[in-house]
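**Student:** next come a sequence and a model predicted from it.
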Amino acid sequence: MRNIDPETDIDRLIIEKLLPAVQKPSQYVGVEINARNKDPLRAETSFVIAFPDAYEIGISHLGSRSLYHSINDLDYAAADRTYCPLVDAEKVMRKEGIPLFGWESRYPVGRFDAVGFSMGYELCVTNVLTMLDLSGIPLESSQRRDGDPLVIGGNEMADSPESMAKFIDVFLPGDGEVSLVSLAEIIRKAKASGIGRDRLLEEIATGHPAAYVPRFYSHPEPWPAPPRPAVNKVPEKIGRGYLEDLADTSPSLVTRPIVPHLEGVHDRLTIEIMRGCPNSCRFCQAGWLRRPVRYRKTEDIIECLCTAIDATGYDEISLLSLSSGDYPGLDKLIDRLNSKLENRNISISLPSLKFDTQLALLPKLTSTVRRSGFTVAAEAGSERMRKATGKNINETDMLNGVSAAWAAGYRSIKVYFMAGLPGETEDDVESIVELCKKLSNTRRSHDGHRGSITASVSWFVPKPHTPMQWEGMKNEEYMWQTRKKLKELARGTAVQVKFHRIEQSLLEAFISRSGPEAADTILAAWRGGARMDAWREHWDWKIWQEAISKTGADFERVVYSSLDPGLPLPWSHVSPGIKDQTLIMQRDAMNEVLAGNW
C-alpha cells in the first residue's frame, strides 16, 4: 500500500473515492457527537480501539466504548476508533490505496503505537485479519518489527486465545479498563526509554499481571495440552484484569456517550447497572468469567442517565447487565427513574429480567416500555434439561410471565432455546415446541386468540471456562435431524421456529477449542475470501471447508471430542478466576440430573 500523508491525503481520498462508492457511507464519516477527538500525533501514547465488525455493530458495543474513554481520560494518551469496513468498502480501499484509518483523526492505523481488538465472538477472526492487512500491519506477530503497532486482543477470545495466538502480540483477559490502562503506562515508559519491540514485549510478559504474550510460550505437547513458558520469568498461569467498582469506569462513557450518524444495532442510551451474574447457568461463559458480581449504585445510575439524556437526545434508555432482574432494589430504581423522567417521553428497556421480577415490574413499565416484543430465555423445553444446565426457571413462572406480557399489550413473544445439549433426548427436543404452544395458548384467556411465538434455536457450543467445557458437540447429522423435527412439530401452529446456522456453531467450537494449529486454517479461509462470517449474506461454509481440507485441520476431533476433566485444556494457562474443582463439581451435578437424580 502506497505512502499516505496522514494529515492531508486520507481525508481527501475518503471524501472523493470511498464515500461515493459504498452503501451506508455515513458509517465512515466520523465526527460524531461526543467523540473525544484527541490528536494521536501529540500524545505520548496512541491507541486505536478496533472493533472487528461493521460500524453499526461496533458503535453499540459498550465494552469497546469503555476502553476508548478510559484511554482518552489519561493525560498522556489518545485513543481513536476503527471498525471493519464492509466488503464493498474494502474493495474500494484496496483499489484506491486507502489504509484503514482512525474514525476521528483519519490517521493510518498502522502508525499508532497499539491497536486493540475487542474479540467478543469467534466469527470475527477473519475480520481481524482484514483490518490488519488494510492497515499495512504484518499478519503474523513474528513478522512485525520496530515501528509496527502492538496488536492486542481482548474480550471473550482472550480467554481461549490459542487459535489467534499467531496473529496477536498481547492478550488481555478480564476487565479491559484495568488491563489496558496498565499496558498504556508500560508502552509510555518504553517509548521514553527508547527500547525496541522485543524488549517491550518482554517487559509486558513479565511485568503486566494480566497479559499473555504468546511468543514467550511453546507447545511441547499436542492438542489439547496448553502452552508452557518457553523462557524464564513469564508466568505459567495468566491473571485477569479486574475492575472492583463500576463507578471507576470513565464518567464520559455514561454521561457523554458517542452518538453515531448511522443507527446502531442498539440505538439507545445504555448504562451497565451490574457486571457479572449471580446465577450459575452451566453453559454461560460470561456468567462464570465475570465473577464476582459488582453493582452500580442507584444514585450513580440516575445521575448519569439524566446527564446523558441531555447530552445525547436519546429517548430510550437500557439498564444493561447479564441478569438485570438480580439488581438489588430494581423496582425502586424503576420508580425513581419514572419519577425523574416523567413527561419527558423516555422509554426504559430492561433486558435479561427474571420472571418473578418481571411479573412485579410489568405494571410499572407498561407506560414507559415500547411493547414491540417480549423475550424469554428458556434455554431448554423440558424441566429436566433446564435443571441440567443450571437454568433456574420453571414452566409455571414462564406461563405466568408470558400471560402477564399479553395482558400488558405485547403482541409477540420470542423464546430462546439451545438444542444439541449433552444428554438430550427426543422428548427433550419435542418439549421445545410443546412449551411454545403452551405459551401461545396463555393469550386465549385475554382475547381468545393464540399468541404469536418465535422459537429461536441455537446449537450448544461447549465454551471454555464453564462446567460444560469438557463436553463435545453433537454431530452435524444429529443437528439437521433435530432441525427438521422441530420444523415439522411447529407446522400448523402459532409457533415459528428459527435456527442459528449449524455450520457456524461448529466453526465457533473449532476456533474456541483449538490450539495454535487453527491459525493456519483461519489464514487459509481469509485468503480464500472469508469475510464478515457472522453475516448471513457473506457467510460461505465452502470457503472454510476448503481451508480445513487444505491445512489438514483435525476439525472433527476438536469439535466433537469430549475432554478429560483430569487433564489440562488448551486454555488452562488463562486463569478463569474460579477454581477448576468448582467447575468439575458443577459438571458432576449436571450429570446427576441427566442420570435421573433430580
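**Tutor:** Perfect, I can see it now.
**Student:** which helix or strand lies directly C-terminal to the lowest-mean-pLDDT helix or strand in the chain?
**Tutor:** For the chain, using mean pLDDT, DSSP states H and E, the weakest element among its helices and strands is helix 355-365, scoring a mean of 60. Under the assignment DSSP states H and E, the closest C-terminal helix or strand after helix 355-365 is strand 374-379.
**Student:** buried residues in that next one, which are they?
**Tutor:** 374, 375, 376, 377, 378, 379 (16 or more other Cβ atoms under 10 Å). The way it works is simple: take the backbone N, C-alpha and C, and place the C-beta from them, glycine included.
**Student:** nearest to residue 17 among the residues you listed?
**Tutor:** In terms of Cβ to Cβ, no member of these lies closer to residue 17 than residue 375, at 42.4 Å.
**Student:** what pLDDT does the closest one get?
**Tutor:** The predicted local distance difference test score for residue 375 is 80.
**Student:** surely it meets residue 405?
**Tutor:** No. At 9.6 Å, residue 375 does not count as touching residue 405 under the criterion of Cβ atoms under 8 Å.
**Student:** which stretches of the stretch 51-200 of the chain have low pLDDT?
**Tutor:** Across the stretch 51-200 of the chain, not a single residue meets the criterion (pLDDT under 70).
**Student:** all strands of it, in order?
**Tutor:** Under the criterion DSSP state E, counting those that start in this stretch, strands of the stretch 51-200 of the chain are mapped to 77-83, 114-118, 150-154, 170-172.
**Student:** who are the packing partners of the last one?
**Tutor:** Other helices and strands packing on strand 170-172, by 3 or more Cβ pairs under 8 Å, 6 or more residues apart in numbering; DSSP states H and E, are strand 150-154, helix 176-193.
**Student:** how about these in JSON lines, adding distance to residue 582 and mean neighbour count?
**Tutor:** As requested, these are arranged in JSON lines below (distance: least, Cβ to Cβ, whole Å; neighbours: other Cβ atoms under 10 Å):
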{"stretch": "strand 150-154", "distance to residue 582": "24", "mean neighbour count": "26"}
{"stretch": "helix 176-193", "distance to residue 582": "23", "mean neighbour count": "19"}
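**Student:** for residue 139, find the nearest of the ones you listed.
**Tutor:** Across those, residue 139 has its closest neighbour in strand 150-154 (9.5 Å, Cβ to Cβ).
**Student:** just checking: what are the partner strands of that closest one?
**Tutor:** On the basis of DSSP bridges, the sheet neighbours of strand 150-154 come out as strand 114-118 (parallel), strand 170-172 (parallel).
**Student:** CA atoms of the first one as PDB?
**Tutor:** The C-alpha atoms that make up strand 114-118 are tabulated as PDB, following Å, rounded to 0.1, in the frame of the first residue of the first chain:
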ATOM      1  CA  ALA A 114      -1.100   0.000  19.600                       C
ATOM      2  CA  VAL A 115      -4.300  -1.400  18.100                       C
ATOM      3  CA  GLY A 116      -6.600  -3.300  20.400                       C
ATOM      4  CA  PHE A 117      -9.200  -5.700  19.100                       C
ATOM      5  CA  SER A 118     -12.300  -6.500  21.100                       C
END
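**Student:** centre of the chain to it, how far?
**Tutor:** Relative to the centre of its chain, strand 114-118 is centred 15 Å away, using Cα atoms, centre = their mean, to the nearest Å.
**Student:** ok, residues contacting it?
**Tutor:** Here strand 114-118 makes contact (Cβ atoms under 8 Å, 6 or more residues apart in numbering) with 45-52, 61, 63-64, 67, 82, 109, 128, 131, 135, 137, 149-155, 168, 172, 176, 180, 183-184, 187.
**Student:** where are the low-confidence patches of the protein?
**Tutor:** Flagging of the chain using pLDDT under 70 yields the residue ranges 1-8, 352-373.
**Student:** residue nearest the middle of it, spatially speaking?
**Tutor:** Centroid-nearest residue in the chain: residue 120, 3.1 Å away (criterion: Cα atoms, centre = their mean).
**Student:** ok, that one - contacts?
**Tutor:** Neighbouring residues of residue 120 by Cβ under 8 Å, 6+ apart: 61, 63, 155, 156, 157.
**Student:** can you tell me how far it is from residue 61?
**Tutor:** Relative to residue 61, residue 120 is positioned 7 Å away (Cβ to Cβ, to the nearest Å).
**Student:** with residue 133 instead?
**Tutor:** For residue 133, the distance to residue 61 equals 22 Å [Cβ to Cβ].
**Student:** ok, residue 82 next?
**Tutor:** From residue 82 over to residue 61 the distance is 13 Å, taken as Cβ to Cβ.
**Student:** between the two, which contacts overlap?
**Tutor:** The overlap between the contact sets of residue 82 and residue 61 (Cβ under 8 Å, 6+ apart) consists of residue 51.
**Student:** what about these two, which has more around it?
**Tutor:** Residue environment comparison for residue 82 versus residue 61 gives the larger neighbour count to residue 82, 25 against 21, counting by other Cβ atoms under 10 Å.
**Student:** go ahead and confirm residue 468 touches residue 588.
**Tutor:** No. In this structure, residue 468 is not within contact of residue 588 by Cβ under 8 Å, at 12.0 Å.
**Student:** and the two? Which one has more around it.
**Tutor:** A side-by-side neighbour count of residue 468 and residue 588, using other Cβ under 10 Å, places residue 468 first with 23 against 11.
**Student:** please report how far the residue lying closest to residue 84 once chain neighbours are set aside lies from residue 10.
**Tutor:** Distance criterion Cβ to Cβ, 6 or more residues apart in numbering; nearest residue to residue 84, sequence neighbours excluded, is residue 127 at 4.3 Å. Residue 127 sits 21 Å away from residue 10, taking Cβ to Cβ as the criterion.
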